Structure formats: C-alpha cells, structure tokens
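[1] got a predicted structure plus its sequence, pasted below:
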Amino acid sequence: MIYREDKKSNNKLSILGLGCMRFPRDKSETERMILAAIEGGVNFFDTAYIYPGSEVTLGEILAKHNKRKDIYIATKLPLIKCKTYDDFDKYFNEQLRRLKTDYIDYYFLHSMTDNAQWVALQEMGIKDWIAKKIEAGQIKQIGFSYHGIYDDFIKIIDSYPWEFCMIQYNYYDENYQAGKRGLKAAAEKGMSVIVMEPLLGGRLATGLPKQAVDIFKKADETLTPADWAFRWLWNHEEVTVALSGMSSTQIMEANIHSANNFQKLTSKAVYEEVVKIFRKSYKINCTGCNYCLPCPMGINIPACFTAYNTRYAQGFVTGMTLYATSTAIIRKNSTSPRKCNQCGKCEKICPQNIPIRKSLKIVSRRMEPLPMRLGFAIVRKVISR
C-alpha cells in the first residue's frame with residue numbers, strides 16, 4: 001500500500017480509503033471485508049452518523065478484533081440534525097458509543113453546502129465546541145465535507161484553520177463543485193484532501209458505455225475501468241485519500257490491487273475520449289448516495305435514475321429490466337416515480353443538487369409511456385389472478 005502524509009498531523013494515510021456507506025447486508029461479509037482491508041494496508045475508514053448501521057457495525061468489528069488503534073476512523077457530525085449547541089454533544093457522544101471509542105481521528109462537519117451555513121454554525125458556537133473537543137483529545141483532526149460551489153468553498157477554507165476537507169472529484173467531474181481549483185487551493189493551505197465519489201457511485205467502474213470501455217481496453221487491456229479512474233485521481237499529488245464505498249471483499253481486493261499498482265500518467269487523451277462518450281449516454285447525474293431516501297411515497301429515487309441512465313448507456317432492454325425491478329412496476333403496489341407527490345423533501349438534501357421532482361417526471365414519461373403502462377397493467381392483471 002502507498003501512503004501519503006497528512007501534513008497537519010504527520011499521519012501516513014493509505015491512498016485508498018474504505019467508505020463505509022455501502023457495507024454488505026451480510027455482516028459476516030462486512031467483517032471479512034474490513035479485516036482484509038486492514039490486512040491489505042488500508043488505514044482510513046470513513047463513516048457517518050446518517051449511514052444506517054454503519055458506525056455500529058464498524059465499532060463492533062474493530063472492538064471484536066482489537067483493531068481500533070490500527071486505523072484512523074473518520075466520521076461526521078450530522079449538521080442537518082443540529083439545531084442547537086447541545087445537539088453537537090448529543091450526536092457526537094452517540095457516535096463515540098456506536099464506534100466503541102473515546103476519540104475520533106478525523107471528524108467532519110457533514111455536507112457543508114455554502115458559506116452561509118458555516119456562518120450560522122459559528123453563531124451556534126461550533127468553533128468553541130470544536131476547541132473543547134480537541135483540547136479534551138476527543139477530536140484529533142477537524143475538517144468538513146463539501147457539496148457547494150467553488151466560491152463558497154474558498155470562503156470556508158479561508159475562514160478557519162481546517163486540517164482536512166472532503167470533496168467530490170473524478171475524471172468526469174473535474175470542474176464540479178469545488179473541483180480542481182478547490183483541490184489545489186486546499187492543498188496549498190496544507191490541508192489533506194479526501195476525495196469522495198472517485199468512481200461516481202460505481203458508474204465509472206461498471207456503468208460505462210461499451211464504446212468507452214473499449215477505448216480503455218485499447219489503451220491498456222490489463223486495466224479495468226476502475227483502475228483507470230483511480231489512476232487518474234492518484235496522479236494528483238494533492239489527493240491524499242480516495243474513498244471507495246466498497247460492498248464486497250472482492251471489490252475491496254481489486255481496489256487494493258489498483259492502489260498497489262498505480263503508475264504515472266503520460267497522457268490524459270484517453271480520458272477525454274471516454275468523457276465525451278459518457279456525457280452523451282448519461283442523462284441524470286445521480287451517484288446513488290441514497291441521501292434522498294426514504295421517500296415518503298416509497299419511490300427508490302436512485303434506482304429509478306440508474307435504470308433511466310442505463311437505458312441510454314446500455315440499451316433499452318437492460319434499462320427497462322432494471323426499471324421493472326427497481327419500481328416493482330408489474331405489481332399492484334408499485335413504487336413508480338409517477339407516485340411522486342412533489343413534496344421536495346429529497347431535493348433539500350441532494351448533494352448533487354439534482355432537480356429530483358422534475359427528473360422523476362422525465363423518467364416516468366420516458367420509461368412509462370402509455371403503451372408501456374398498458375402492457376404493465378395487463379401483466380399485473382395476469383399475475384393477480
């Protein structure tokens with residue numbers, strides 16, 4: 001494993017981090033994956049209060065195998081839930097209990113969206129709270145994860161002595177949100193930069209159009225699309241850790257192999273070709289983070305968007321098969337996007353700022369035109385007999 005130095009603490013962090021949002025449903029598989037990651041040299045584990053069951057599972061497995069001190073735990077204060085100063089302690093103390101630890105190595109303010117939000121947190125007393133936790137040794141490093149525009153990102157990093165940050169960055173999203181300029185600005189301040197969505201929710205690994213995959217194969221048939229995506233990232237010396245939300249030991253081992261074997265790029269032309277094709281194929285920029293769930297109407301929003309994108313990237317039949325599975329459209333109590341009640345709850349917490357309500361209308365119109373709805377109705381009638 002290759003390690004890069006966190007200049008603020010001198011910690012050596014593995015260039016590959018284990019994102020804990022997509023743990024396998026099978027707890028024994030999760031245990032195998034975590035232990036194999038540690039054995040493979042991964043020492044940065046990223047979780048969050050709002051990732052269902054993630055902190056508890058990670059804490060139990062680390063405690064069971066006495067591995068807490070072998071890794072750095074990163075977790076996040078759920079800003080969306082914090083309304084008062086007392087809430088900071090309420091959620092932080094719960095996280096310590098869940099993780100079975102008395103300190104957090106890398107603590108994020110979760111999902112900062114603009115400078116106004118940071119100003120409001122300061123008015124609530126967040127700076128004083130952070131100082132007390134650092135003095136008590138309960139927080140070792142403080143930072144934030146970011147989902148806003150570049151200008152506000154700069155205002156935030158200029159206003160406080162942050163030690164690290166997390167931004168979305170990959171070869172498809174090079175100028176998205178904080179982007180490349182934000183990456184360099186943070187690094188110039190000596191901040192470690194943790195990258196989320198290096199594979200764009202897996203789409204840069206398994207969701208590329210065949211034509212794009214063929215371009216990569218022609219350039220080097222020994223590399224997978226995921227290898228190419230990680231290689232692009234790790235060739236940025238400003239990137240300290242690339243997080244991957246791995247959901248199986250097999251995927252984790254493949255990603256460790258990428259980390260152990262990445263090489264310097266001599267040209268970025270191949271990426272430019274792939275991005276051109278990718279942009280034509282994908283219609284909705286959803287990464288499958290699931291922040292928009294649960295939907296009050298039971299709609300699996302990310303799955304609907306994935307099926308819609310797949311229709312254009314991999315063909316009508318493949319896309320419709322995914323859609324039928326995701327929405328249970330042939331069942332009486334389906335969760336079709338046509339059931340959206342336009343409440344807007346999902347849009348308020350979408351890190352990608354997707355116009356979800358409008359997009360669901362587009363998906364239902366394209367995936368459920370009248371002839372298709374009539375066909376689904378016939379199938380439902382047959383099944384119900």
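    Cool, the structure landed.
[2] which ones are touching Glu238?
    Applying CB atoms under 8 Å, 6 or more residues apart in numbering to Glu238 gives the contacts 183-184, 186-187, 193. Quick note: C-beta positions are derived from backbone N, CA and C, even for glycine.
[3] leaving out chain neighbours, which residue sits closest to it?
    In this structure, Glu238 finds its nearest non-sequential neighbour in Ala187, 3.7 Å apart by CB to CB, 6 or more residues apart in numbering.
[4] one more: Val270?
    Ala219 (4.6 Å).
[5] going along the chain, name the helices of the stretch 1-150 of the chain.
    27-39, 54-64, 85-99, 115-124, 126-135, 150-158 (DSSP state H, counting those that start in this stretch).
[6] nearest to Gln141, of those helices?
    Among the helices of the stretch 1-150 of the chain, helix 126-135 comes nearest to Gln141, with 8.8 Å by CB to CB.
[7] which other residues reach the closest one?
    85, 88-89, 92, 107, 109, 139-140, 142, 160.
[8] same list (those) but as JSON lines, adding distance to Tyr312, neighbour count and pLDDT.
    Below are the contacts of helix 126-135 laid out as JSON lines (distance: CB to CB, whole Å; neighbours: other CB atoms under 10 Å; pLDDT from 0 to 100):
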{"residue": "Tyr85", "distance to Tyr312": "48", "neighbour count": "14", "pLDDT": "97"}
{"residue": "Phe88", "distance to Tyr312": "44", "neighbour count": "22", "pLDDT": "97"}
{"residue": "Asp89", "distance to Tyr312": "48", "neighbour count": "12", "pLDDT": "97"}
{"residue": "Phe92", "distance to Tyr312": "44", "neighbour count": "20", "pLDDT": "98"}
{"residue": "Tyr107", "distance to Tyr312": "40", "neighbour count": "26", "pLDDT": "98"}
{"residue": "Leu109", "distance to Tyr312": "37", "neighbour count": "24", "pLDDT": "96"}
{"residue": "Ile139", "distance to Tyr312": "45", "neighbour count": "21", "pLDDT": "98"}
{"residue": "Lys140", "distance to Tyr312": "45", "neighbour count": "18", "pLDDT": "97"}
{"residue": "Ile142", "distance to Tyr312": "42", "neighbour count": "23", "pLDDT": "98"}
{"residue": "Tyr160", "distance to Tyr312": "43", "neighbour count": "15", "pLDDT": "97"}
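[9] now render those as CSV, adding distance to Ser334.
    CSV is the format used below for these (distance: CB to CB, whole Å):
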residue, distance to Ser334
Tyr85, 45
Phe88, 42
Asp89, 43
Phe92, 41
Tyr107, 42
Leu109, 39
Ile139, 46
Lys140, 48
Ile142, 45
Tyr160, 48
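[10] can you tell me which of those residues is nearest Leu200?
    Looking across the contacts of helix 126-135 and measuring by CB to CB, the closest to Leu200 is Leu109, at 23.7 Å.
[11] quick one: that closest one from Asn300, how far?
    Using CB to CB, to the nearest Å, Leu109 is found at 29 Å from Asn300.
[12] swap in Tyr91?
    27 Å.
[13] how distant is stretch 219-230 from the center of its chain?
    21 Å (CA atoms, centre = their mean, to the nearest Å).
[14] in it, what counts as buried?
    Residues of stretch 219-230 classed as buried: 223-230 (neighbour count, 16 or more other CB atoms under 10 Å).
[15] so of these, which ones are in strands?
    Judged by DSSP state E, strands contain none of the buried residues of stretch 219-230.
[16] how many neighbours does Ile299 have?
    Neighbour count of Ile299, defined by other CB atoms under 10 Å: 27.
[17] can you tell me the SS state at it?
    coil (DSSP: H, G, I helix; E, B strand; the rest coil).
[18] before we move on, what about the one 4 residues further on?
    In three-state terms, and counting by three-state DSSP, Ala303 is helix.
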